[in-house]
Structures are given as structure tokens and as C-alpha cells.
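Undergrad: I'll drop the sequence and a predicted model, then ask my questions.
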Amino acid sequence: MDCIIIGGGISGLLCARELAAGGFRVRVIERNTVGSEASWAGGGILSPLYPWRQPLAVQNLSLWSHEYYPKLAQSLKQSTGIDPQWNRCGLLWLDLPDLDVASAWCRRQHMCCETPDQDKVNRIQPGLRIPDEEPHLWLSGIAQIRNPRLLKALKQELESKGVDILERSPVIHWQIRNNKVVSIDLPQENLKADLFLIAAGAWSAKIGPENFWSPDIHPVKGQMLLFRARPGLLVTMVQLGEHYLIPRLDGRILAGSTVEKADFDKRPTSQAYDRLYRFAVNLLPALADFPVEAHWAGMRPEAPKGIPYIGPHPQLENLYYDCGHFRNGVVMAPAAARLLADLVLHRAPIVDPAPYLPINR
Ligand SMILES: Cc1cc2nc3c(=O)[nH]c(=O)nc-3n(C[C@H](O)[C@H](O)[C@H](O)COP(=O)(O)OP(=O)(O)OC[C@H]3O[C@@H](n4cnc5c(N)ncnc54)[C@H](O)[C@@H]3O)c2cc1C
């Protein structure tokens, strides 16, 4: 059986991996280059920012993936030599208004959590300018992944396993017959397959077959700053209000992020730079001694309540979706891809598929 996946972000690549393992001959069609949109731009935190505030449908995919990520990272490292730097560095929330809800959630998940006072926060992460307000919460078990490396490793592994990746190839037209997709048109060629999957992130609502149902997905811009700091300056992820810092193993530190409705305008702005810079240097004053190496924006695919669409199109029997992961697409992607493959291959699904089904919400 042949499958065509439209979109070469983390969702498309992980679905390619799952479907190839399930016996499909897989082709990934990517408008630009693989892994150059939201999946590259994201921070790689392997948890929703405030997981206890998320709908159960988001929590379930995130928790499944969080468990699975070390295996995925290890297996990609072995097969490609590229280390995606899965790192259980923990996440520290400062000045948390809903500690009771958060602690109860941690207990339900059997997750180890602490409510450190100022001295303990200083021991966990020296050098922070800690807000006077308490409480704080420390989840030492939360991990991150270096998403650009993860994408590189995925691409290399897929190609070595015979998955065909066509870059600079936007899908521009669909041939439909008897409620089935027959083929898609790219600028240079027409491609047929038995199964089609749209995993085109923020573009997923725009690119499907005309005059048929399409998901309710909108782009939400997020900007990031990257400091070229030194290893050890920051050892854990830290969140305060809307913003966070993420340490990479080589000493670089990400400061994120903004949440902006800007249609598909991906240009970074000086206002966002100033806001993220002020946040980062106020929270970790030593960062003022290090240069900002990069500033970028990505387009998050927002779906209602942040719950992705995973499963078959309601009208076209051989078209599927895996899209709309909004702010949590890196963490949810492995579970979403496994669920998608379970549905395609008629296996027992890893979670109840009902909340994710592509229908009007
Ligand atoms: C600043 C920022 C920080 C983030 N931080 C985190 C985080 O810490 N943790 C987390 O879990 N998530 C995070 N996210 C969210 C996460 O990055 C996204 O949810 C996720 O990457 C979406 O993946 P995707 O594969 O669905 O979309 P994308 O990565 O956007 O991939 C979609 C692909 O489809 C392609 N495409 C579009 N149209 C066509 C077409 N016509 N033909 C062919 N191909 C097409 C695009 O070129 C693109 O490559 C963050 C996002 C941003 C922007």
C-alpha cells in the first residue's frame, strides 16, 4: 500500500516512521524543506507549559509521549549517529498562582514534585532573580529535546529506510472520485496513492481538497531568542508567567515565547525581541553578559482547545489528518503519530480516539 504524507514537520515525519513500520510505502511531500517550520522553531519542552490546565485529551498524548521520548531519542541516535539531546533537566515554575491544582495533578500522575522556598530555588538554579511572591513548583522529571536535531535525525532515518522525501513540492490540487482521493498535483507531477495524510501544521486547513470539510486551524505566531551563553549557567527550564528559559547542553539558552495572531506573517519584530530580552535578563541577570545569537518566529497550528485532529476525514475515505497541535506539537507528536497509525492499521488505539476525530467541534 502506498501512502502520501503532506507536510514534513515533526507530525508528518513521525507518521511516516509509524506507517513505514506498519508496512506502507511512504512518501513525504514538503512545500519547503523538511523540518523548517514550527517544529524547528519550537522550544522542545516535553510538557505542556502548565499541564494541569490542559484538557485531558492534550494531557493524555503528552504523558504517553513523555514516557516514549527517551526510547525514540536513543533509537534515532543509534540508527543515525545524530543525538537529539533528550535531557531530563526539570522544569521550575516561579510564582505559581494555582499551586493546589498543580500539586493535586502531580499526585494523580505519580509525578515527583517539590514546592521549594527561595533558598532551595537558589540551590536548584543559582543566579535567578526570584520574584518575592511564592509559591514555586519544581518538577525534576520533566525533559526537553533539541528539536532541530530530532528533525534531522528523523529525516536521515526515514531516508535510510526507503521513505521518499520530496522537498520544494507543494501540493496544489486534489483529484477526487467517488468520495476518495485518487491523486494530488504538485507543480511538476501528479502522484497517486492508496492513502493520503495531511500533516501540514498551521497550513492544514488551507491546503485540503476544495468544497469538502476542513479542520478549524489557524496560525498563531511565536517568537524566540537564542543566547549564546555558557554550559552550566542554566541547568533547568524555568517558567515565570507567560515566558520561559530553556538550557541546551552546549550552553545556549532559549528565551520564549510570544503568542500573536499575525496571519502567516513570520517576520520577527523588534517589540518581541525587547520583551523576550527584558524577561530573560531580569530573570537571569548573568545573561546580560552574553550575546543574542538568533531571533526567529514560527507558526503554531491552533485548533479549538489545543486538541489536534487525528483520524479519517469525515467525507473522504482514504484521507487522514494529524494536525492542530498548537503549543504542544513537539511533545504530543509521537503519541499522535502512533494513534494515527493505530487507526489506519485497525489496531487497538493507545488512547481513546474520540476527542481527536476530524469533525466539527
Ligand atoms: C515559538 C514556538 C515554541 C514552541 N515550543 C514548543 C515546545 O516547547 N514544546 C512543544 O511540544 N511544542 C512547542 N511548540 C509547538 C510545536 O512546535 C508545534 O505544535 C509543532 O511543531 C507542529 O508540528 P507540525 O509538524 O504539525 O507543523 P510544522 O512543523 O509547521 O510542519 C508543517 C509542514 O507542512 C508543510 N506544508 C504546508 N503547506 C504545504 C503544502 N501545500 N504542501 C506540502 N507541504 C506543506 C510546511 O512547510 C511545514 O514544513 C512551539 C511552537 C513555536 C512556534
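TA: Nice, I can see it.

Undergrad: Which residue would be the closest one in the stretch 151-300 of the chain to the ligand?
TA: Using Cβ to the nearest ligand atom, the single residue of the stretch 151-300 of the chain nearest to the ligand is Gly201, 2.4 Å away. The way it works is simple: take the backbone N, C-alpha and C, and place the C-beta from them, glycine included.

Undergrad: List the residues that contact that residue.
TA: By Cβ atoms under 8 Å, 6 or more residues apart in numbering, Gly201 lies in contact with Gly7, Gly9, Ser11, Glu37, Ala38, Ser39, Met299, Pro301, Cys323, His325, Gly329.

Undergrad: Find the pair from those with maximum spatial separation.
TA: Using Cβ to Cβ, the pair of those lying farthest apart is Ser11 and Met299, separated by 13.4 Å.

Undergrad: When those two are compared, which one has more neighbours?
TA: Legend: neighbour count by other Cβ atoms under 10 Å for Ser11 and Met299, higher for Ser11 (34 against 21).

Undergrad: Surely that one is in a helix?
TA: Yes. Counting by DSSP: H, G, I helix; E, B strand; the rest coil, Ser11 is part of a helix.

Undergrad: how about the nearest residue to it, chain neighbours excluded?
TA: Excluding the flanking residues, the one nearest Ser11 by Cβ to Cβ, 6 or more residues apart in numbering is Ala199, at 4.1 Å.

Undergrad: That neighbour: how many residues sit nearby?
TA: Around Ala199 there are 30 residues (other Cβ under 10 Å).

Undergrad: Quick check: it touching Gly9?
TA: Yes. Judged on Cβ atoms under 8 Å, Ala199 makes contact with Gly9 at a distance of 6.8 Å.

Undergrad: Tell me the residues of the stretch 151-300 of the chain that contact the ligand?
TA: 170-171, 199-203, 207, 222, 224, 256-257, 298, 300 (Cβ under 6 Å from any ligand atom).

Undergrad: Farthest pair within those?
TA: Between any two of those (Cβ to Cβ), the greatest distance is 30.5 Å, for Val171 and Gly256.

Undergrad: And the strands in the stretch 251-361 of the chain, which stretches?
TA: Remark: strands assigned in the stretch 251-361 of the chain by DSSP state E, counting those that start in this stretch are 253-256, 292-302, 309-312, 319-323.

Undergrad: Mean pLDDT for those - can I get that in CSV?
TA: Listed next are the strands of the stretch 251-361 of the chain as CSV, based on pLDDT from 0 to 100:
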stretch, mean pLDDT
strand 253-256, 98
strand 292-302, 98
strand 309-312, 98
strand 319-323, 98
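
Undergrad: Find the nearest non-adjacent residue to Met332, please.
TA: Leu61 is the one closest to Met332 (Cβ to Cβ, 6+ apart), at 4.1 Å.

Undergrad: now swap in Ile307 and tell me
TA: Per Cβ to Cβ, 6+ apart, closest to Ile307 is Ala57, 4.7 Å.

Undergrad: list the contacts for the one you found?
TA: Ala57 sits next to Lys305, Ile307, Pro355, Tyr356 when contact means Cβ under 8 Å, 6+ apart.

Undergrad: Let's see that with 10 Å instead.
TA: Each residue near Ala57 by Cβ atoms under 10 Å, 6 or more residues apart in numbering is listed here: Lys305, Gly306, Ile307, Pro308, Ile310, Met332, Val351, Asp352, Pro353, Ala354, Pro355, Tyr356.

Undergrad: quick one: the residue of the chain most remote from its centre from Leu99, how far?
TA: The outermost residue of the chain, judged against the average C-alpha position, is Asn178 (34.9 Å), by Cα atoms, centre = their mean. Per Cβ to Cβ, to the nearest Å, Asn178 is found 56 Å from Leu99.

Undergrad: swap in Arg149?
TA: Using Cβ to Cβ, Arg149 is found at 34 Å from Leu99.
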